[in-house]
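Student: Need coordinates for the following:
(2 chains)
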2 protein chains.
Amino acid sequence: MQHGRVDLGQRSETVRRANLSAIVRGLHERGPLSRSELVAATGLTRSAIRGLVGELAAAGLVVERPAPRLGTPGRPSPVVRVEPSATVVLAVELLVDSMAAAIVGLGGSPIEIRRVDRPRGHLAVERVVDDVVALTGPMLRRVDRPLAGVGVAVAGVVRRSDGLVTMAPNLGWVDVPLGRRLAEALGLDVPIAVANDGDLGALAEHRRGAAVGVADVLYVSGEVGVGGGVIAGDLPLTGAAGFAGEIGHMPINPGGSPCRCGSIGCWETEVGEGALLALAGLPPDSGRTGIERVLAEAAAGTPTAVAALEHVARWLAIGLAGLVNVLNPRLIVLGAMHGRIYPAVRATVEAEFVRRTLPGPRSLVRIVPATLGPNAPLLGAAELALEPVLADPAAFLDRDHLPIRLASAS
Amino acid sequence: MQHGRVDLGQRSETVRRANLSAIVRGLHERGPLSRSELVAATGLTRSAIRGLVGELAAAGLVVERPAPRLGTPGRPSPVVRVEPSATVVLAVELLVDSMAAAIVGLGGSPIEIRRVDRPRGHLAVERVVDDVVALTGPMLRRVDRPLAGVGVAVAGVVRRSDGLVTMAPNLGWVDVPLGRRLAEALGLDVPIAVANDGDLGALAEHRRGAAVGVADVLYVSGEVGVGGGVIAGDLPLTGAAGFAGEIGHMPINPGGSPCRCGSIGCWETEVGEGALLALAGLPPDSGRTGIERVLAEAAAGTPTAVAALEHVARWLAIGLAGLVNVLNPRLIVLGAMHGRIYPAVRATVEAEFVRRTLPGPRSLVRIVPATLGPNAPLLGAAELALEPVLADPAAFLDRDHLPIRLASAS
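Tutor: Alright, predicted model coming up:
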């Protein structure tokens, strides 16, 4: 019915599936839980939990173990956890200066991660796709269990429905059908989901990093481009087509410098890696090494480096203030370059932030560095690929590739 | 469980309540539906719909009528609609230059609306509360059916949990416990919910106005202050505490003018009523009359008026561009002053907007004027007050004030 609202109408099979999903998602996100904890958390009866967990265990998606005896009275409640080997996904991360891939199991633990640096610059999508195939081929050949899907994080503006990268200025891409190209090249009979690296970094920090347990989060991740993602009410804010979160392209200084996106004075032009390096007098392509050098020089008191960091810190605070006034997050997680420089510029950021924010939202928000490091978008891509399994484990059980460990399992 | 996720776990009573809610919400938002339409929309069986609708009808919340004979074969499906007199709410709107109140029935139709203009300027909350009591007293005395709640829209930054207005610069308020004060003064034994006028305008335009059926909406409403609201995936974006949507306080021109909020160069300083009037050489407090005069002078070709409108149009587009890049809405609804000036400045807005937005989100979004006029926040306040009834009609049925028409009904 209107806006999916009356779609809430539920019959028993829908309810069974929603309950299976709630259990698998809870275990995936939180780790092992006792049956009693599942009862408390779901509002389901003990016998319903027993039945549903039994179904999931029979299908190999979860495992039950007797609880450790704690010396407390009564029979201890068995502990339930997901079976990581039940199904795995392939995660791929395409950034401007590196490419990475991971095999990740249900529960979110990476089984294998490979990362390769690459020179910056524009690259034809064919070349990138070939490189993905070369990087992931050996990893996929080692996978001895059902593959549920592929998730891809890319440093670009992505339409979620089909993985079209409408713009990735730092890769030189316009309207590149990355999802389709990868599907053809990988030749896997599983869904491929593509999303922006900032959005997926936000997802990963929310599920596994600095923002676990926080419902409203703003994630900022800047290197060559400045991106980010928003979690609102525990859900990723995608917007109408997955384009949301392009915070690097807020016009923050309309009298400022041209941006690679074609606009003027976007936030990225003031707080991106390029701005920091240029202000510090370093080559614009010196990347992470350059950033470390700016930090070292500033620590040693070099005035250019100090001034460059102060400039970025001030504009970082101004942009964050706008986003806090608009979004009212409880936590700001600074990833990549901004997470690295934050300890050095914290006082400047905080002072400017206080001047620019409304008292209400300001009083509730904290700023922290990210904790997942450079793998955040990669782990977010894995979460994206696992989403169909989490959303409807029952449907997944019905597929041909039943999530059971194959005979050849190592 | 984590973030309310495993709270999806459902038992049968929860499901019954969710289904009752789905039906009442669907009828409230969409208007009358046939039983067949309810079946199609909810995925529930015909017999489940019959049973649930029967429960709701017995309690007086909905009414079934035989469908008109259309000459088609088969028995026509009865048409179900909410009973507007089943329960009503009181809606109150506190703006800078006017105050309004409405009695609104289930289904969203106003039964009575009263609006009084008031001089601008700072007002003690006691005075405002007295005025609300004076305005609404006679309306409440005429109500002959159960009152489900009170919703209040106020031109300020509001903490949703308790109706604390942390800041309303145009009323001169800081940390005013408006919700509590109104509860005490009105002396009604029903919940009072307070929210920002922009957020509630967005809600109303989404349910009843220009944005019906659109899942991702940005609503902009500027007069003395510039506010707005965001609908993301059909749900209001509230942020951590209801402060979200303060789009007037994005720092858009950090080298610009001081803002009443204490920051510098907020969007409001460039696109608010005060900016337009000052640029056009009119008294800053000439309000709607002044705006009409600017529009008339611009239509007659007066250069100052034309330039003033062009300035506001350009900055309007710049701010909208940032919000579109961050939020990826499908529709921008311009309310109040911005809706009124839009026809005159559309070309300028569109040209600047195209320069400043990313192609992906730009290609999906349209800009339209609001359709509910000045009553949008008031109608949104009514929707807010009705929310508990929509969310759980079963609980509402169990209360003392059963939603049945009293004997004294006119």
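Student: doesn't residue A:97 make contact with residue A:118?
Tutor: Yes - using CB atoms under 8 Å, residue A:118 makes contact with residue A:97 at a distance of 6.2 Å. Where you see a C-beta, it was placed from the backbone N, CA and C, and this is true even at glycine.
Student: and the longest helix along chain A, what does it pack onto?
Tutor: What stands out as the longest helix in chain A, according to DSSP state H, is helix A:303-327. Applying 3 or more CB pairs under 8 Å, 6 or more residues apart in numbering or on different chains; DSSP states H and E, one finds that helix A:303-327 makes contact with strand A:217-222, helix A:267-271, helix A:273-279, helix A:287-299, helix A:336-356, helix A:359-364, helix B:303-327.
Student: by how many degrees do the last one and helix A:303-327 diverge?
Tutor: Regarding helix B:303-327 and helix A:303-327, their directions subtend 90 degrees when assessed with axes from the mean of the first three to the mean of the last three CA atoms, to 10 degrees.
Student: Just the buried residues of helix B:303-327, please?
Tutor: Across helix B:303-327, burial judged by 16 or more other CB atoms under 10 Å in any protein chain shown covers B:305-306, B:308-327.
Student: How about the third one?
Tutor: For helix A:273-279, the buried set under the neighbour-count rule, 16+ other CB under 10 Å, comprises A:273, A:274, A:275, A:276, A:277, A:279.
Student: Thought residue A:283 was touching the first one, still the case?
Tutor: Looking back up the chat, that one is residue A:273. No - if you go by CB under 8 Å, residue A:273 and residue A:283 don't touch, sitting 11.3 Å apart.
Student: where do the contact lists of the two overlap?
Tutor: residue A:290 (CB atoms under 8 Å, 6 or more residues apart in numbering or on different chains).
Student: Locate whatever residue of the stretch 51-200 of chain A ends up closest to chain B within the secondary structure: which element?
Tutor: Per CB to the nearest CB, residue A:166 is where the stretch 51-200 of chain A lies closest to chain B, at 3.7 Å. Residue A:166 belongs to strand A:164-168 when assigned by DSSP states H and E.
Student: Other residues contacting that strand?
Tutor: Contacts of strand A:164-168 (CB under 8 Å, 6+ apart): A:154-159, A:173-179, A:194, A:243, A:261, B:358-360, B:363.
Student: Go again with 7 Å.
Tutor: A:154-159, A:173-179, B:358-360 (CB atoms under 7 Å, 6 or more residues apart in numbering or on different chains).
Student: filter the residues you listed to the buried ones?
Tutor: Listed as buried from the contacts of strand A:164-168 are A:154-159, A:173, A:176-179, B:358, B:360; burial here means 16+ other CB under 10 Å.
Student: Just name the closest of those residues to residue A:338, please.
Tutor: residue A:155 (15.2 Å; CB to CB).
Student: Please verify my assumption that the closest one contacts residue A:96.
Tutor: Yes - here residue A:155 reaches residue A:96: they are 5.5 Å apart, a contact under CB atoms under 7 Å.
Student: okay, and the common contacts of these two?
Tutor: A:170, A:171.
Student: Got phi/psi on residue A:189?
Tutor: phi -90, psi 50 (degrees, to the nearest 10).
Student: My read is that residue A:98 contacts residue A:117, right?
Tutor: Yes - applying CB under 7 Å, one finds residue A:98 in contact with residue A:117, separated by 5.0 Å.
Student: Those two: which has the busier surroundings?
Tutor: Neighbours were counted for residue A:98 and for residue A:117 using other CB atoms under 10 Å in any protein chain shown; residue A:98 has more, 18 against 12.
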